[in-house]
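[1] give me a model of this one.
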Amino acid sequence: MLSSENSSDAVIEVVDFGCAEVIDKNSPFYDEDGNESFANTPGYSPPEMIDRTIRPKHLKPSVDMFSMGVIIYIMLTGVHPFDVNGQSTDREMNRRVLSGRMQIGRAHV
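    Sure, this is the predicted structure:
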């Protein structure tokens, strides 16, 4: 998406509508400390968003950079780096992201 209607001022922003929703602060979907919970889409989220033990309190630019890297990879190659056949489960993609192993054809690197 673009951040402004004026193209000379616009900045490209990545938006994940797959997990977009409005969550009330009193919702059980907030974490136990009352902080906002983060939703993520497997295969586009960096390891720190998948592994709760290393998840930051606040989102950092590196989270978006990881997602942008996956999007650019798909644009350049036509396949998802963690699901080249389009048949992986969320759990399989999360495991590949956490291990740092991309899937190339039927092999893993």
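
[2] distance between the ends of stretch 44-62?
    End-to-end distance for stretch 44-62: 12 Å, by CA to CA, to the nearest Å.

[3] what are the buried residues along it?
    Residues 44-46, 48-50 are the ones in stretch 44-62 that count as buried (16 or more other CB atoms under 10 Å). C-beta coordinates here come from the backbone N, C-alpha and C atoms, glycine included.

[4] now do that stretch, average pLDDT.
    The pLDDT scores in stretch 44-62 average 81.

[5] how far is that stretch from where the chain is centred?
    The chain centre lies 9 Å from the centre of stretch 44-62; the measure is CA atoms, centre = their mean, to the nearest Å.

[6] just name the closest of the buried residues of stretch 44-62 to P81, please.
    Y44 (10.1 Å; CB to CB).

[7] name all residues that make contact with that closest one.
    16, 66-67, 70-71 (CB atoms under 8 Å, 6 or more residues apart in numbering).

[8] give me the distance between it and M68.
    9 Å (CB to CB, to the nearest Å).

[9] just the buried residues of stretch 44-62: which are in helices?
    Applying DSSP state H to these, the entries found in helices are 48-50.

[10] quick one: the contacts of Y44 as JSON lines, columns for secondary structure, distance to D90 and pLDDT too.
    Listed next are those as JSON lines, based on DSSP: H, G, I helix; E, B strand; the rest coil; distance: CB to CB, whole Å; pLDDT from 0 to 100:
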{"residue": "D16", "secondary structure": "coil", "distance to D90": "14", "pLDDT": "70"}
{"residue": "F66", "secondary structure": "helix", "distance to D90": "16", "pLDDT": "90"}
{"residue": "S67", "secondary structure": "helix", "distance to D90": "15", "pLDDT": "88"}
{"residue": "V70", "secondary structure": "helix", "distance to D90": "14", "pLDDT": "91"}
{"residue": "I71", "secondary structure": "helix", "distance to D90": "18", "pLDDT": "90"}
